[in-house]
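*Asks:* Fold the following and give me the result.
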Amino acid sequence: MLTKPFHRALSIIGSLTIMNLASSSSTNAAPASVSVYFGTYTGKASKGIYHSRLDLATGHLSDATLVAEAQNPGFLAIHPNKRFLYSVGEVDKGGGITSWAIDAGSGKLTKLNQQLSGGPGPTHLVVDPAGKNVLVANYSGGSVACLPLNADGTLRPASAFVQHTGSSVNPARQKAPHAHGIYTDPANRFVFVPDLGLDQVKIYRFDPEKGTLTPNDPAFASVSPGAGPRHFAFDPKGRFGFVINEMVCTMTAFRYEPATGRLSEIHTVSTLPEGVAVQPSYSTAEVFAHPNGRFLYGSNRGHDTIAVFSIDGQGRLKLVENEPSLAKIPRGFGIDPTGKYLIAGGQSSDTAHVFRIDQINGRLEPTGQSVSVGSPVCVEFLAR
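*Replies:* This next block holds a predicted model:
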């Protein structure tokens with residue numbers, strides 16, 4: 001017969017086991033909401049970086065509040081440890097990068113330090129997957145740089161700087177290089193830089209430990225003359241790369257060779273509906289692949305739509321729809337980490353709008369949720 005003390009011990013052990021299982025389940029559960037940071041162009045309606053929260057059950061987006069004052073913090077990047085955020089200062093003289101500490105509770109930002117980006121007009125940046133460096137593209141200067149990070153999130157001076165040279169066929173936009181974005185591959189071995197002025201996606205070998213950028217062989221992938229490559233995205237498995245071409249409203253799909261860094265063009269498709277011609281007021285902006293790897297999204301400014309593509313097993317794209325962005329001049333948008341929602345920012349409407357993503361076909365459905373935020377350029381998500 002079991003004694004009462006033994007029964008009591010079993011009861012305590014059982015209770016502790018249930019508590020541990022509940023705690024583990026809670027730890028692994030999907031977040032109820034995510035932070036949303038908006039990078040902006042400052043002016044009458046904006047003073048810097050804004051923060052909202054997106055409810056993943058309802059799609060409700062809270063009012064955007066100012067969490068850091070800064071000049072033209074157009075593009076943002078969040079450290080993999082989720083403790084730090086980095087922003088460009090998109091100005092033609094003295095442009096640089098600022099590091100910020102993130103308050104986990106409120107989402108507010110505290111400035112840590114600044115470093116020069118190495119060239120005028122820093123327009124895009126990324127933190128490498130190892131969390132050791134910030135990589136930046138300088139649009140006006142046509143250059144790129146790598147800035148190492150300290151353990152406390154602060155930036156060190158650039159450890160690598162590369163000046164692009166050359167031009168392309170459009171005399172109004174392509175007299176000089178214009179590095180428009182910068183991205184690492186999933187393995188953190190190569191860096192890719194769409195240069196609008198050269199009609200090339202530059203490719204660099206990258207050493208995150210040393211913070212070095214070395215021209216690859218091949219050194220670039222080309223797009224059609226006058227296309228103006230702007231931003232770039234990999235599919236989640238790193239098999240394909242996609243560049244959105246600003247000046248002609250097209251998307252180019254590439255097959256990616258992770259061992260060599262080579263991009264081989266598959267095909268190029270329009271981001272506009274069939275039969276719609278490119279107008280002088282039209283241009284593309286942002287591109288992201290869905291977390292499930294089956295869909296690709298790109299924004300059309302002027303036409304003011306989000307182009308939705310399906311991606312087949314060979315990396316080929318098929319236009320699914322052009323969903324009105326509800327935002328005027330959708331310069332930036334983002335997809336939340338769960339892949340349930342897309343938020344499109346309107347640079348000229350001073351608004352951001354929430355869309356629900358159909359997980360079967362990738363189509364977008366307006367939720368009716370929107371917030372006011374001045375001249376949003378970039379939408380970044382942070383899940384905890």
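
*Asks:* Now do the strands in the stretch 201-350 of the chain.
*Replies:* Counting by DSSP state E, counting those that start in this stretch, the stretch 201-350 of the chain has these strands, from start to end: 212-222, 229-234, 240-245, 250-257, 262-270, 283-289, 295-301, 305-311, 317-324, 332-335, 341-346.

*Asks:* Give me the helices and strands touching the longest one, please.
*Replies:* This points to strand 212-222. Where contact means 3 or more CB pairs under 8 Å, 6 or more residues apart in numbering; DSSP states H and E, strand 212-222 is packed against strand 143-148, strand 160-163, strand 200-207, strand 262-270. C-betas here are computed from N, CA, C, even on glycine.

*Asks:* Tabulate those in JSON lines, adding columns for mean neighbour count, distance to Ile306 and mean pLDDT.
*Replies:* Converted to JSON lines, the helices and strands packed on strand 212-222 look like this (neighbours: other CB atoms under 10 Å; distance: least, CB to CB, whole Å; pLDDT from 0 to 100):
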{"stretch": "strand 143-148", "mean neighbour count": "26", "distance to Ile306": "28", "mean pLDDT": "98"}
{"stretch": "strand 160-163", "mean neighbour count": "18", "distance to Ile306": "33", "mean pLDDT": "98"}
{"stretch": "strand 200-207", "mean neighbour count": "21", "distance to Ile306": "22", "mean pLDDT": "98"}
{"stretch": "strand 262-270", "mean neighbour count": "16", "distance to Ile306": "14", "mean pLDDT": "98"}
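
*Asks:* just for this protein, where's the confidence low?
*Replies:* Along the chain, segments meeting pLDDT under 70 span 1-29.

*Asks:* redo that, cut-off 90
*Replies:* Under the criterion of pLDDT under 90, the regions of the chain flagged as low confidence span 1-31, 91-95, 384.

*Asks:* Where do the helices of it begin and end?
*Replies:* Assigned by DSSP state H, the chain shows helices spanning 4-28.

*Asks:* before we move on, the earlier item: will you turn the helices and strands packed on strand 212-222 into TSV that also has distance to Arg356?
*Replies:* As requested, those are arranged in TSV below (distance: least, CB to CB, whole Å):
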stretch	distance to Arg356
strand 143-148	36
strand 160-163	41
strand 200-207	32
strand 262-270	25
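
*Asks:* Hmm, Phe309 is touching Leu319, no?
*Replies:* Yes. Contact between Phe309 and Leu319 holds when scored by CB atoms under 8 Å: they sit 5.8 Å apart.

*Asks:* what is in contact with the two at once?
*Replies:* Common neighbours of Phe309 and Leu319, using CB atoms under 8 Å, 6 or more residues apart in numbering, are Val269.

*Asks:* The two: which has the busier surroundings?
*Replies:* Of the pair Phe309 and Leu319, Phe309 is the one with more neighbours under other CB atoms under 10 Å, namely 24 against 17.

*Asks:* gap between the more buried one and Arg331?
*Replies:* Phe309 sits 19 Å away from Arg331 when distances are taken as CB to CB, to the nearest Å.

*Asks:* Quick check: bridge partners of Ser264?
*Replies:* Arg255 (DSSP bridges).

*Asks:* quick revisit: closest to Asp195 out of the strands of the stretch 201-350 of the chain?
*Replies:* With distances scored as CB to CB, the stretch of these nearest to Asp195 is strand 229-234 (6.8 Å).

*Asks:* which helices and strands does the closest one pack with?
*Replies:* Secondary-structure packing of strand 229-234 (3+ CB pairs under 8 Å, 6+ apart): strand 183-184, strand 190-195, strand 200-207, strand 240-245, strand 283-289.

*Asks:* Out of these, flag the one nearest Ile266.
*Replies:* Shortest separation from Ile266 across the helices and strands packed on strand 229-234 is recorded for strand 240-245, at 7.5 Å, computed as CB to CB.

*Asks:* Given that closest one, what are its sheet partners and their directions?
*Replies:* strand 229-234 (antiparallel), strand 250-257 (antiparallel).

*Asks:* Name the residues that touch the shortest one?
*Replies:* The one in question is strand 229-234. When contacts are taken as CB under 8 Å, 6+ apart, the neighbours of strand 229-234 outside the stretch itself are 124, 180-181, 183, 185-186, 192, 194-196, 199-201, 223, 240-246, 252, 256, 284-289, 296.

*Asks:* What subset of those residues is buried?
*Replies:* Among the contacts of strand 229-234, those that count as buried by neighbour count (16 or more other CB atoms under 10 Å) are 124, 180-181, 183, 185, 192, 194-196, 199-201, 223, 240-246, 252, 256, 284-289, 296.

*Asks:* residue contacts, the closest residue to Ser140 other than its chain neighbours?
*Replies:* Of all residues not flanking Ser140 in the chain, Gly121 sits nearest, at 2.8 Å (CB to CB, 6 or more residues apart in numbering). When contacts are counted by CB under 8 Å, 6+ apart, Gly121 is found next to 90-92, 95, 138-141.
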